[in-house]
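**Student:** got a predicted model here, sequence first, then my questions.
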Amino acid sequence: MAGPPVIIWESEVERLLRYRELIPRLEEALGKFSRRDNAEVIQPVRTTVPLQRHNGFLGLMPTYMENDGVLSTKFVCFYKREEGSALPATQATVMLLDPEHGNVKAVMDGEVITSMRTAAVSAISAKLLMPPRAGVLAILGTGKQALSHYNVFTEMFSFKEVRVWSRTRERAERFRDSVSGAVTISCSAEEAVRGADTIVTVTRSTEPLVFGEWVKPGAHIAAVGACRPDWRELDDVLMKEAVVYVDSREGAMTESGDVILSGAEVFAELGDVINGTKPAQREKTTVFKSLGMGVEDAVSAKLVFDQWKDKSKRMQPCT
C-alpha cells in the first residue's frame with residue numbers, strides 16, 4: 001500500500017532544481033510533444049476556471065508521458081492585478097502521481113518550477129532562434145519571471161548589455177539591485193527595445209507594449225506574458241512581420257491574444273525545430289510565444305522528485 005505523499009516546499013525545490021539538468025530534459029520533452037506520429041505525450045490544452053470576484057483564473061494542466069512513466073498535474077491561479085497591488089500575480093502547486101496505481105507520490109510548490117521551466121524554455125528558443133553574436137538583452141518586466149529569465153539568459157549567453165524596464169522606476173531599481181551583474185535601467189519600453197538583439201517580455205500587460213517599428217530587424221522576442229485570448233504584449237505589425245514560433249500550436253490558437261487577435265500565422269512549434277522538421281529562421285525577426293505547457297511541469301517535477309529521492313538515500317544512516 002502506498003504511503004502518504006511527499007511534500008516538497010519552495011525552498012527545497014529551489015535547492016534541487018538546476019538549469020544545467022533541467023534544460024536538456026525540457027528540450028527532449030518539447031521534441032516529444034511535437035512528434036505527431038505517436039501518443040507518447042498526452043497533454044490537453046489548459047482548462048481554466050474564471051475567478052470573477054477576484055479577477056483571476058484557475059488553470060489545470062495535466063500531462064501523461066507514457067514511456068517515461070510520468071503522470072502529473074499543475075494547479076495554477078493567475079490574476080489580472082491592479083498596478084501596485086501587493087497580491088501575487090500567480091500561485092502554483094504541482095502534483096506527481098503514480099500512473100499505475102493512481103496515488104499521489106508528491107506535492108510540491110509550483111512557483112519555482114513555473115519560473116524556472118518557463119525561463120529555461122525561453123532560453124532554448126533564444127539558443128535556436130536569436131541572431132548570432134547577440135550583444136544586447138532587453139527584459140520588460142521586473143517580477144519573478146523577469147528574475148528567472150535574467151538568471152538563465154546570463155548563465156547561458158554572454159551579453160554586452162542587459163537592459164530592464166518597468167512601469168515604475170522603483171521596481172526597476174529593486175530588480176537591478178537584486179542581481180549580481182550590471183543592468184541598465186531604461187526609461188521607456190521603446191528605449192529598452194530599440195537596438196536590442198534579444199527581447200524578453202514578462203509583463204502583466206493586457207494591451208500591446210512592444211511595437212514592430214521599434215524592433216531591430218533580425219531580433220528575437222520571447223513573449224511570456226499575455227496568457228489569455230484577449231491579452232496582448234506585442235502589436236499587430238510585429239506579429240505579422242515576424243516568424244512566429246510557439247510551444248503548442250493548439251494552445252496558442254486557444255489562449256494567445258497576441259496570435260489570435262493579430263491573425264498572425266504560426267510557423268512552427270519549438271519542438272519542430274528541435275526535431276529538425278522546421279527550420280530555425282534566425283536570420284529573420286522571430287517571436288517565440290510562450291504559454292507554458294503541462295509537459296514542462298511534468299519533466300521539472302520528475303527531476304525535483306528524483307533529486308529529492310537521491311538526497312534522501314544519501315542522508316540515510318548506515319546499518
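**Tutor:** That came through, no problem.
**Student:** now residue 50, which residues is it bridged with?
**Tutor:** Beta bridges link residue 50 to residue 57, judged by DSSP bridges.
**Student:** which pLDDT value belongs to it?
**Tutor:** pLDDT, residue 50: 95.
**Student:** show me what contacts the spatially closest residue to residue 279 that is not a sequence neighbour?
**Tutor:** Nearest residue to residue 279, sequence neighbours excluded (C-beta to C-beta, 6 or more residues apart in numbering): residue 273, at 7.2 Å. Yep, even glycine has a C-beta here, placed from its N, CA and C like the rest. For residue 273, the contact set (C-beta atoms under 8 Å, 6 or more residues apart in numbering) comprises 128, 129, 245, 279, 280.
**Student:** look up the closest residue to the third one, ignoring the ones flanking it.
**Tutor:** In this structure, residue 245 finds its nearest non-sequential neighbour in residue 288, 4.8 Å apart by C-beta to C-beta, 6+ apart.
**Student:** host element of the residue nearest to residue 279?
**Tutor:** Residue 273 belongs to helix 270-275 when assigned by DSSP states H and E.
**Student:** ok so, going back, the contacts of residue 273 in strands, which ones?
**Tutor:** The strands in this structure, assigned by DSSP state E, contain residue 245 from those.
**Student:** who wins on neighbours among the contacts of residue 273?
**Tutor:** Using other C-beta atoms under 10 Å as the neighbour test, these are led by residue 245, with 28 neighbours.
**Student:** list the contacts of that residue.
**Tutor:** Counted by C-beta under 8 Å, 6+ apart, residue 245 has contacts 125, 129, 266, 267, 268, 269, 270, 273, 286, 287, 288, 289.
**Student:** swap in 6 Å and give it another go.
**Tutor:** Taking C-beta atoms under 6 Å, 6 or more residues apart in numbering, we find residue 245 in contact with 268, 270, 288.
**Student:** now the helix or strand harbouring the residue nearest to residue 245: mean pLDDT?
**Tutor:** Using DSSP H and E, residue 288 maps to strand 286-289. Averaging pLDDT along strand 286-289 yields 98.
**Student:** following it, which helix or strand comes up?
**Tutor:** Past strand 286-289, the next helix or strand by DSSP H and E is helix 294-315.
**Student:** give me the contacts around that next one.
**Tutor:** Helix 294-315 has contacts (C-beta under 6 Å, 6+ apart) with 8, 13, 16-17, 25-26, 29, 33, 41, 43, 61-63, 65, 70, 72, 74, 94, 96, 106, 113, 117.
**Student:** got it, and stretch 103-118?
**Tutor:** 2, 5-10, 13-14, 17, 74, 92-98, 144-145, 148, 292, 296, 300, 305.
**Student:** any idea how far apart the tips of it sit?
**Tutor:** One end of stretch 103-118 sits 27 Å from the other (C-alpha to C-alpha, to the nearest Å).
**Student:** ok now that stretch, how far from the chain's centre?
**Tutor:** Once both centres are worked out by C-alpha atoms, centre = their mean, to the nearest Å, stretch 103-118 turns out to sit 13 Å from its chain's centre.
**Student:** try stretch 178-194
**Tutor:** In this view, stretch 178-194 has its centroid 20 Å away from the chain centroid, taken as C-alpha atoms, centre = their mean.
**Student:** that stretch: which residues count as buried?
**Tutor:** Across stretch 178-194, burial judged by 16 or more other C-beta atoms under 10 Å covers 183, 185, 186, 189, 191, 192, 193, 194.
**Student:** TSV please, covering these and showing secondary structure.
**Tutor:** What follows is these, written out as TSV (DSSP: H, G, I helix; E, B strand; the rest coil):
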residue	secondary structure
183	coil
185	strand
186	coil
189	helix
191	helix
192	helix
193	helix
194	coil
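**Student:** how about the helices in the stretch 51-200 of the chain?
**Tutor:** 111-129, 144-156, 169-178, 189-193 (DSSP state H, counting those that start in this stretch).
**Student:** buried deepest among these, which one?
**Tutor:** Ranked by mean neighbour count, those are led by helix 111-129 with a mean of 25 (mean count of other C-beta atoms under 10 Å).
**Student:** quick one, that one and helix 144-156 angle?
**Tutor:** Comparing the axes of helix 111-129 and helix 144-156 via axes from the mean of the first three to the mean of the last three C-alpha atoms, to 10 degrees yields an angle of 50 degrees.
**Student:** so helix 111-129 versus helix 294-315, what angle?
**Tutor:** 120 degrees.
**Student:** do you know how far the closest residue to residue 125 other than its chain neighbours is from residue 146?
**Tutor:** Once flanking residues are discounted, residue 125 sits nearest to residue 288: 3.7 Å by C-beta to C-beta, 6+ apart. Separation of residue 288 from residue 146 (C-beta to C-beta, to the nearest Å): 16 Å.
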